[in-house]
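A.B. asks: let's see this in three dimensions:
(2 chains)
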Amino acid sequence: MTTAAATAVTRPASGRRPKAAKGRVTVNVVMVAMILYFLLPFWWLLVASTKGNDALFSTAALWFHSPGSFFDNLKQLFTYNDGEYLRWLGNTAVYAGVSGIGATAVATLAGYAFAKYRFRGRNLLFSSLLGAIMVPATALAIPTYLLLSKVALTNTMWAVILPSLLNPFGVYLMRVYVQESLPDELLEAARVDGAGELRTLRSVALPTLKPALVTVLLFSMVGTWNNFFLPLVMLNNDKLFPLTVGLQSWYQGALIQSGANALFTLVIAGSLVAILPLIVAFLLLQRYWRGGLTVGSLK
Amino acid sequence: MSLLRQGSPAAGAAPRGQSVSDPDVPAASRHARPQTRWRLSARTRHRGMGLLLVTPFTLLFLAFLVAPLGYAFWLSLRTSTLVGGDHFSWFANYKQTFTDPHFLSGVRRVIVFGVVQIPLMIALALLGALIIDAATSRLAKVFRMTLFMPYAVPAVIGALMWGFLYSPTFGPVNSISQALGLGSADLLGHGLMLTSLGNIVTWQWTGYNMIVLYAALQGLPREIYEAARIDGASQLQTALRIKVPMISSALVLTLMFAIIGTLQFFTEPRVLEPTASSVITPDYTPNLYAYNLAFQYSEFNYSAAISFSLGAVVFIGSYLFLFLTRRRSGLK
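C.D. replies: The predicted structure follows:
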């Protein structure tokens, strides 16, 4: 793949027709090769989820064997150990939903304030925010655990939700977006017409900010949905696990019992079910998050 | 003018009267010239409002960034032993951190990893971004979505899937390499583990970086390409001499986030740990080491020192990187 990519770049294109056509072919070959590589794990997951535990280890890994097993696997997935997978799915939805909406609300208010108001400590707070973007999340997780264990908040849902509400990059994105898409004149017009500050925010600012709202919401939800380190550190009780920690514990269990256990098929089916909602969300909301990324990358 | 009209329906229904007669308006705008009077007064008058709106963020910032860091720092200055009890030991833990072969070998490992993996990934992402910026075919659309899809997959599941694919007994990667006559490779062994992990990270993050770079490319003014074409530049020349330099600030950004991510490498080695426990030792990456110190050996003070050092290294490193590339990339 890399060699194909290299040829595409080094070939001198002189702009003549035949060479241009040749260049197009090379580009297409590169694209197809990369598509195949990036699809490989998805394809494998789809195929593997249709296999029983025996077939999983004995048949060709990249082709279907007994597609009917798919439904057995799903049934097993949702009933194994009193349906703990469903509980994890529910937990994940709660974590992602609550912290996604919360983080977006906090980021919107703060971003709007940074962009449109002067207040005491504004510059200091904003520069610390820029610094905070560079503080690695995982370097914070253990200290946060130590702190929350002092106030007996570890091993609760709050331990996952509260730290996820802090999203400095979301605030930054919101500030940039407000500055670019919400002219002062528009807000002043609302004020002249007698709208209060909150009303201006709700009826004039928020509708304009919709693309940015969706972007921040989507990215903070995905961040929490996919988070592993924070819940791993915070939670002991497997009833509170999100999918990531739960699936990892199944996988570890399956390896310890080295394949004799049907857990492998559960891990596979569970992974498939866990990634579907996100892929669908990204496909459906393309228009929004791509706009949001533009803001993030240009500033 | 159209902006004003646009704003008025929403505002028209609002309660009136509180704006102009507000007592502190005249005082605040006393020094302002007449035509800017409204703007200044609104800004100053709503000082409290800005503070109010930013309060939830400030509280979270204090509770989940400043406080944990402060507490971790305090903890890291103490030592707790069964014999000596809990006492203040100043920088003893830090002295230990920066002479600890476990910590240092982990740091070395992630640096080696990053030096190879990051440039490869960014190059691949840049190639992809240039392709989808120039091509508008249906294939290019499929390409764009396919490459981005892994970003939506939790890192745990990405590592799980590749862990299966790497499996020496039934994994297809091994079968393919055997079928090609390359012999079987122990992808989870000592020699190839770092490469295998690099492949997982590249698979997971190339598409995201590509989209960020692509977004930057889309923001460039199209007239420049036209000018370049008239000057006889080929598509390739346009890409390398015009497009790439013009998105250097986006490149710096993606590089920086890749460096931050690499230094805190954790999830993938943690997931593959049970399949290859002799290779992925508890000190494999600095973050894995900090985690194991805290949760396997209950060495909270020392773990706090390592977390804090790691955070500081990443923080200073990324600031330094931004500072050094600032002039070259024109990043404001």
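A.B. asks: what helix or strand does whatever residue of the stretch 1-150 of chain B ends up closest to chain A sit in?
C.D. replies: Proximity of the stretch 1-150 of chain B to chain A (C-beta to the nearest C-beta) peaks at B:Gly50, 2.7 Å away. For the C-beta atoms, the positions are set from N, CA and C on the backbone; glycine is no exception. Counting by DSSP states H and E, the element that carries B:Gly50 is helix B:47-61.
A.B. asks: after that helix, next one along is what?
C.D. replies: Downstream of helix B:47-61, the next assigned helix or strand under DSSP H and E is helix B:67-76.
A.B. asks: that following helix and chain A, are they touching?
C.D. replies: Yes. If you take C-beta under 8 Å from any C-beta of the partner chain as the test, helix B:67-76 does meet chain A, through B:67-69, B:71-72, B:75.
A.B. asks: ok, the residue of the stretch 51-200 of chain A found nearest chain B - how many residues close by?
C.D. replies: Among the residues of the stretch 51-200 of chain A, A:Tyr117 lies closest to chain B, at 2.7 Å counting by C-beta to the nearest C-beta. Neighbouring residues of A:Tyr117 were enumerated by other C-beta atoms under 10 Å in any protein chain shown; the total is 21.
A.B. asks: low pLDDT regions in the stretch 51-200 of chain A?
C.D. replies: Judged against pLDDT under 70, the stretch 51-200 of chain A has no low-scoring part.
A.B. asks: helices of that one, start to end?
C.D. replies: Along the stretch 51-200 of chain A, counting by DSSP state H, counting those that start in this stretch, helices occupy A:53-58, A:69-116, A:122-133, A:137-150, A:157-164, A:168-181, A:184-192, A:197-199.
A.B. asks: elements contacting the fifth one?
C.D. replies: Spelled out, it's helix A:157-164. Helices and strands touching helix A:157-164, by 3 or more C-beta pairs under 8 Å, 6 or more residues apart in numbering or on different chains; DSSP states H and E, are helix A:69-116, helix A:137-150, helix A:210-226, helix A:229-234.
A.B. asks: okay if I get those as a markdown table plus mean neighbour count and distance to B:Trp205?
C.D. replies: What follows is the helices and strands packed on helix A:157-164, written out as a markdown table (neighbours: other C-beta atoms under 10 Å in any protein chain shown; distance: least, C-beta to C-beta, whole Å):
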| stretch | mean neighbour count | distance to B:Trp205 |
| --- | --- | --- |
| helix A:69-116 | 20 | 20 |
| helix A:137-150 | 23 | 15 |
| helix A:210-226 | 22 | 12 |
| helix A:229-234 | 23 | 16 |
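A.B. asks: who wins for proximity to B:Leu160 among these?
C.D. replies: Closest approach to B:Leu160 among those (C-beta to C-beta): helix A:210-226, 12.8 Å.
A.B. asks: does that closest one reach chain B?
C.D. replies: Yes. Interface with chain B: helix A:210-226 contributes A:222, A:225-226 (C-beta under 8 Å from any C-beta).
A.B. asks: may I ask which of these comes out lowest in pLDDT?
C.D. replies: Lowest pLDDT within the residues of helix A:210-226 next to chain B is found at A:Val222 (87).
A.B. asks: for that residue, what are its contacts?
C.D. replies: For A:Val222, the contacting residues are A:96, A:278, A:281, B:152, by C-beta atoms under 8 Å, 6 or more residues apart in numbering or on different chains.
A.B. asks: one more pass at 7 Å, please.
C.D. replies: Contacts of A:Val222 were listed using C-beta atoms under 7 Å, 6 or more residues apart in numbering or on different chains, and they are A:278, B:152.
A.B. asks: before we move on, what about A:Thr108?
C.D. replies: Each residue near A:Thr108 by C-beta under 7 Å, 6+ apart is listed here: A:174, A:209, A:213.
A.B. asks: next one: B:Phe88
C.D. replies: If you count contacts by C-beta under 7 Å, 6+ apart, B:Phe88 has them with B:77-78.
A.B. asks: enumerate the residues of the stretch 201-332 of chain B near chain A.
C.D. replies: Proximity of the stretch 201-332 of chain B to chain A (C-beta under 7 Å from any C-beta of the partner chain) is limited to residues B:203, B:211-212, B:215-216, B:218-219, B:234-236, B:250, B:253, B:260, B:263-264, B:266-267, B:271, B:274-275, B:287, B:290-291, B:294, B:300, B:303-304, B:307, B:310-311, B:314-315, B:318-319.
A.B. asks: which members of these are classed as buried?
C.D. replies: For those, a neighbour count by 16 or more other C-beta atoms under 10 Å in any protein chain shown gives the buried set as B:203, B:211-212, B:215-216, B:218, B:234-236, B:250, B:253, B:260, B:263-264, B:266-267, B:271, B:274-275, B:287, B:290-291, B:294, B:300, B:303-304, B:307, B:310-311, B:314-315, B:318.
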